[in-house]
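Asks: here is the input, now give the coordinates:
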Amino acid sequence: MTPSCRSTARLLMTLPVLFVGPLIASADDDTLVPAQWEYSRPLIEPETRDIDRSHAQKDPTVVFHDGRWHVFMTVKLQGRSAIEHCSFKDWDDANRSKRTILAISGSDYYCAPQVFYFTPHRKWYLVYQMGVPGQKKMWVACSTTEDITDPHSWTQARPILDGGPDDPRQVGGLDYWIICDDQRAWLFFTSLDGRMWRMWTSLEDFPNGFDHCQVALKAQIFEASHTYRLKGQDRYLTIIEQKGRRYFKAYVADRLDGPWRPIADTAERPFAGWNNVQPAPGVDRWTDNVSHGELVRDGVDERMQLDPENLQFVFQGMLERDKTNRSYGAYSWRIGLLRPVDPAPGTSDQ
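Replies: Alright, predicted model coming up:
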């Protein structure tokens, strides 16, 4: 039986299947990594308003449903972080769309959402991290609704994992991500120390019953792991953010409980970073960071299916020079959209 996170760390750290090794590369791997991306102008920016004025829009999660985009994101407010929603038909209207802060928690820190439709329950789920006074680990929290168009309909936060003595996580981690196969719901998260973790429960027990905690990947990675099933393939893609000037690495696996193989894991050859992004024609240069974002899915359900022939990446960005003399919490992130393009010589956004 897979050891729980309460088992000895030494055992976890010596299981070879958990780590990236010299696995055989596939000819399809290169097609998953765009040689060049173009970024849009900022599409969702901090909103000037009298109450709950924001200074950063972060961590977007997005679905396209019934002809409208729905974006849920972290909004950085005075002294707190919360989840905000907006909806629109066209990305050109995103920044003008109505914003609603979700009243789902009394915590001053609930953020980094993931949204999806869980077919067995016929409900939308929002999964996010939430700080709770007195707990050493954040909640893996969730809220549900039957109507994604009504931001006031989400239920109050409830714990998937509560950070208490019976919580099977060895470390609390952050940036929680759910993906399901035909039998299990999998929870992935990172811990800011070069490890990505995984846990699982049965579809019947979801959102309860997560256990079987393992280190899924040990590498030079930081946070914001997002995992997708590749459309038309029996393979999975995970993208993970690296610290510093932010960029994303990419890994593939044949199954969700299997080993992950790097396909783009350096700053020189990233999945998406300053070495392979450039502003779209007519767009002023506004970012050289590609930070916490989400690939646009081919569908809305728990399988997290991604069409590799139609990649779009909604991300948070800013210029590295604008971080000077600021703490991370004071960074003014904005949200944009990356699309692959044919590369031209000397066009990376240095």
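Asks: got the contact list for the closest residue to residue 105 other than its chain neighbours?
Replies: Leaving aside its sequence neighbours, residue 105 sits nearest to residue 157 (CB to CB, 6 or more residues apart in numbering; 4.3 Å). Every residue, glycine included, has its C-beta placed from N, CA and C. Residues in contact with residue 157 (CB atoms under 8 Å, 6 or more residues apart in numbering) are 104-105, 107, 110, 128, 130, 139, 141-143.
Asks: compare those residues and tell me which has the most neighbours.
Replies: Ranked by the number of neighbours (other CB atoms under 10 Å), the contacts of residue 157 place residue 128 first, at 29 neighbours.
Asks: identify the residues contacting that residue.
Replies: Contacts of residue 128 by CB under 8 Å, 6+ apart are 83, 110-114, 141-143, 157, 176.
Asks: put together CSV for these, with secondary structure on each row.
Replies: As requested, the contacts of residue 128 are exported to CSV (DSSP: H, G, I helix; E, B strand; the rest coil):
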residue, secondary structure
83, strand
110, strand
111, strand
112, strand
113, strand
114, strand
141, strand
142, strand
143, strand
157, coil
176, strand
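Asks: between these, which is nearest residue 294?
Replies: Using CB to CB, residue 114 comes nearest to residue 294 of the contacts of residue 128, at 7.9 Å.
Asks: quick check: the closest one vs residue 73, distance?
Replies: Taking CB to CB, to the nearest Å as the criterion, residue 114 is separated from residue 73 by 11 Å.
Asks: what's the pLDDT at the residue nearest to residue 105?
Replies: Note on residue 157: pLDDT of 98.
Asks: what's the spacing between it and residue 226?
Replies: For residue 157, the distance to residue 226 (CB to CB) stands at 21 Å.
Asks: and what of residue 111?
Replies: Here residue 111 is placed at a distance of 15 Å from residue 226 (CB to CB).
Asks: neighbour count winner among those two?
Replies: Counted by other CB under 10 Å, residue 111 and residue 226 do not tie: residue 111 has more neighbours, with 25 against 22.
Asks: pLDDT below threshold where in the stretch 201-350 of the chain?
Replies: Applying pLDDT under 70 to the stretch 201-350 of the chain flags the ranges 344-350.
Asks: return every residue with contacts to both of residue 114 and residue 73.
Replies: In contact with both residue 114 and residue 73: residue 61, using CB under 8 Å, 6+ apart.
Asks: who's more crowded, these two?
Replies: Between residue 114 and residue 73, residue 73 has the larger neighbour count (other CB under 10 Å), namely 28 against 20.
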